[in-house]
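J.: Sequence and predicted structure, then a few things I'm wondering about:
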Amino acid sequence: MMRSLARTGGALRRAAAPATPQRRNLGHGPFTDAMHVKKNKFVEEWNGRREITEQAFEVNLSNLPAILFCCVLFPYGIYASSRAELMRKGDPRYKRSGLC
């Protein structure tokens, strides 16, 4: 008796399943190969150049002054002018720092 109930239950479950599998378009969204996108050779060259910048960068006497200015002198100039303004105005942040 138990055996026959188990068999019928299984048969009912199998019959309730859909006969055809669900159709899915994986990754086939609104943009397809039919759009014929052309690559811009200048953009591709720039991307390649950007990827190897670390290997192509050289420091020599012609670009050393620009590197020193951008990495040392300009940031220090901003720091020094900001500090001088805080000292001149008597800002509480400068007074609390213990430098005056």
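T.: Thanks, I have the structure now.

J.: Tell me where this protein has helices.
T.: Here the chain has its helices, by DSSP state H, at 2-16, 41-51, 53-56, 64-68, 74-89, 92-96.

J.: Could you report the pLDDT at Arg24?
T.: Predicted confidence (pLDDT) for Arg24: 62.

J.: now Glu58
T.: With respect to pLDDT, Glu58 has a value of 89.

J.: go on, Arg88?
T.: What the model reports for Arg88 is a pLDDT of 87.

J.: For Arg83, which non-adjacent residue is spatially closest?
T.: Beyond its immediate neighbours in the sequence, the residue positioned closest to Arg83 (CB to CB, 6 or more residues apart in numbering) is Tyr94, lying 7.8 Å away. In short, each C-beta sits where N, CA and C put it, glycine included.

J.: Where does the prediction get shaky in this protein?
T.: 1-36, 99-100 (pLDDT under 70).

J.: Now with 90, please.
T.: Filtered on pLDDT under 90, the chain yields the residue ranges 1-40, 43-58, 83-100.

J.: how near is Gln55 to Tyr94?
T.: Counting by CB to CB, to the nearest Å, the separation of Gln55 from Tyr94 is 45 Å.

J.: Likewise for Cys70?
T.: Computed with CB to CB, the distance linking Cys70 and Tyr94 is 27 Å.

J.: Which of the two has more residues huddled nearby?
T.: Comparing Cys70 with Tyr94 by neighbour count (other CB atoms under 10 Å), the higher total belongs to Tyr94, at 16 against 10.

J.: how far away is that one from Glu85?
T.: Shown here: Tyr94 relative to Glu85, a distance of 9 Å by CB to CB.

J.: same thing with Tyr76?
T.: For Tyr76, the distance to Glu85 under the criterion CB to CB works out to 15 Å.

J.: ok, now Trp46?
T.: Distance from Trp46 to Glu85, by CB to CB: 40 Å.

J.: do Arg49 as well
T.: Relative to Glu85, Arg49 is positioned 41 Å away (CB to CB).
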